[in-house]
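>>> need a 3D model of the sequence below.
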Amino acid sequence: MYCVHCGGAAGTGDHGPCSGARAALEPPRFCAECARRMVVQVTPTGWSALCSRHGALTSGPAAALTD
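Numbers count the residues shown, from 1 in each chain. All right, here's what the predicted structure looks like:
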């Protein structure tokens, strides 16, 4: 498993900034399964993040990646 904010291995290193209050409001930037950088779209109602290998994660009712 990998950190969704920095892409580093979740069990190692200092993830203090990744688990702070501000990070809780940020969408994930890296895939938790493969650590690949994701395509992220932020909308007024939420966010969408797309991993090329593992698919999409969404937050909010109207968040969707457009083609």
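
>>> every contact and neighbour count from this point should use C-alpha atoms.
Fine.

>>> now stretch 37-56: buried residues?
If you call a residue buried by 16 or more other CA atoms under 10 Å, then stretch 37-56 has these buried ones: Arg37, Met38, Val39, Val40, Gln41, Val42, Trp47, Ser48, Ala49, Leu50, Cys51, Ala56.

>>> reformat those residues as CSV; add distance to Cys3.
As requested, the buried residues of stretch 37-56 are arranged in CSV below (distance: CA to CA, whole Å):
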residue, distance to Cys3
Arg37, 11
Met38, 12
Val39, 16
Val40, 16
Gln41, 19
Val42, 19
Trp47, 18
Ser48, 17
Ala49, 14
Leu50, 15
Cys51, 14
Ala56, 16
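
>>> quick check: end-to-end length of stretch 32-44?
One end of stretch 32-44 sits 24 Å from the other (CA to CA, to the nearest Å).

>>> what's it in contact with?
For stretch 32-44, the external contacting residues (CA atoms under 8 Å, 6 or more residues apart in numbering) are 1-4, 7-8, 27-31, 47-52, 54, 63-65.

>>> which ones among the buried residues of stretch 37-56 map onto strands?
Val39, Val40, Gln41, Val42, Trp47, Ser48, Ala49, Leu50, Cys51, Ala56 (DSSP state E).

>>> reformat those residues as a markdown table; add pLDDT and distance to Arg22.
Converted to a markdown table, these look like this (pLDDT from 0 to 100; distance: CA to CA, whole Å):
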| residue | pLDDT | distance to Arg22 |
| --- | --- | --- |
| Val39 | 95 | 20 |
| Val40 | 95 | 17 |
| Gln41 | 94 | 18 |
| Val42 | 91 | 15 |
| Trp47 | 90 | 15 |
| Ser48 | 93 | 18 |
| Ala49 | 94 | 18 |
| Leu50 | 95 | 21 |
| Cys51 | 94 | 23 |
| Ala56 | 92 | 22 |
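
>>> could you identify the most distant pair in those?
Val42 and Cys51 (15.1 Å; CA to CA).
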